[in-house]
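1. Sequence first, then the predicted structure:
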Amino acid sequence: MGSGNRIFDLERKLRRVDFYLRGVIRDAIPHALFAARRRSLFAHLRPADVPAHIVARVNYCNKLGADASVAGARRNAEIALKDGSFYYYDLKQYAKAFAPDLLLDYAFGDITFVPERPAIVKSRPIAGENTNSVVMKLDALRHFARFPDRLAFADKPKTAVWRGASPGHSGMRRRLVEKFHDHPRHDIGYVHAVDQLPAKPFLTPHQQMQHRYVISVEGNEVATNLKWILASQSLCLMPRPIFETWFMEGTLQPGIHYVELRPDFEDLEEKIAYFDRNEDEARAIIAAANAHAAHYANPRHERLAALLVLQKYFERTGQLPPEPFSDALFGKA
């Protein structure tokens, strides 16, 4: 393992230690303090002061209408650490701001289905009726890590890169690697040997961002690398996403935020050649991608959005009365 990889691995371990330490400390703080802080925040909340992108996100991630039923759901106080520590601590830091006896259902993990009753999830299908999937920022340490990129698009080599640990369920990753594993120009492969395809060295996000083009392909559900790619100075190339998270992948537009690839990747080299000739167009897409990613960089905004998603959840399931700002922010039930 090179020195860059060792530094990245150490930084990742330190982030995990910090995450768990903060989570354990928060768990030890009485619920009443979190609740008091939320009430103070909401008492002074004026709809006109809430950024439009937060209002849009809250209502996109939580689409519940009036009289949504959570009969049979668990109590807020019963969120279980054993169900997944990353998910537990991410949800608990906001759920503790609400009464322990409120009903709050959740489904932790890589969720590709829509629950039978309203539930907090990390991911959901973009297409179809997905109202019962109320998306929050879960498994954030893995999915929302940010990495600075100080190398301009024009200064990067005209190459594409992709790394993945597994083929995923859709078959797209396998098609990508089978087609381009031995390509003389691009650096595409698995970090572990899969079938007859040998492993390629692990690359950190910093190393991948040395390339002009970074490919994103969904695995079990959303692609983990998509968030940091859209925050970088590299151009994101990917098939149209099928699943979405707190990052609102379903709102990303091909040709605006990323370059769309065919699921069989037959157009990969054609798209790269086009943007090699049209660098200004590539930079415009990168700028729009950066603007989307920037909406998730403000911790105060992230906290407010998460609390509002839960407030709407409890209101629309008939467990809390509307706040004075509810109609203006959530719309009429």
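-> That came through fine.
2. Contacts only, for L102.
-> The contact partners of L102, by CB atoms under 8 Å, 6 or more residues apart in numbering, come to R75, N76, F314, Q319, L320. (Each C-beta comes from the backbone N, C-alpha and C, glycine too.)
3. can you check G164 too?
-> R173, V177, Y190, V191, V217, G219.
4. could you redo the last one with a cut-off of 10 Å?
-> 173-174, 176-177, 188-192, 194, 200, 215-217, 219, 223-225 (CB atoms under 10 Å, 6 or more residues apart in numbering).
5. Tell me which of the contacts of L102 fall in helices.
-> Among these, DSSP state H puts F314 in helices.
6. export the contacts of L102 to a markdown table and tack on neighbour count?
-> As requested, the contacts of L102 are exported to a markdown table (neighbours: other CB atoms under 10 Å):
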| residue | neighbour count |
| --- | --- |
| R75 | 12 |
| N76 | 23 |
| F314 | 19 |
| Q319 | 16 |
| L320 | 17 |
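7. Between the contacts of L102, which sits nearest H295?
-> F314 (24.4 Å; CB to CB).
8. So that closest one sits against V70, correct?
-> Yes. Using CB atoms under 10 Å, F314 is in contact with V70, at 9.2 Å.
9. Look up the pLDDT of A165 for me, please.
-> pLDDT, A165: 84.
10. thinking again about what came up before, list residues touching both of F314 and V70?
-> L64, L102, L103, L104.
11. Test my guess that D27 contacts Y88.
-> Yes. Assessed by CB under 10 Å, D27 is found in contact with Y88 at 9.2 Å.
12. hmm, back to that, any chance of TSV for the contacts of L102, columns distance to N278 and pLDDT?
-> Converted to TSV, the contacts of L102 look like this (distance: CB to CB, whole Å; pLDDT from 0 to 100):
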residue	distance to N278	pLDDT
R75	56	94
N76	52	95
F314	49	98
Q319	53	97
L320	52	97
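13. which two from the contacts of L102 end up farthest apart in space?
-> Pairwise over the contacts of L102, using CB to CB, the maximum falls at R75 and L320, 14.4 Å.
14. rewinding a little: can you lay out the contacts of L102 as CSV showing distance to F147?
-> Below are those laid out as CSV (distance: CB to CB, whole Å):
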residue, distance to F147
R75, 39
N76, 34
F314, 36
Q319, 40
L320, 39
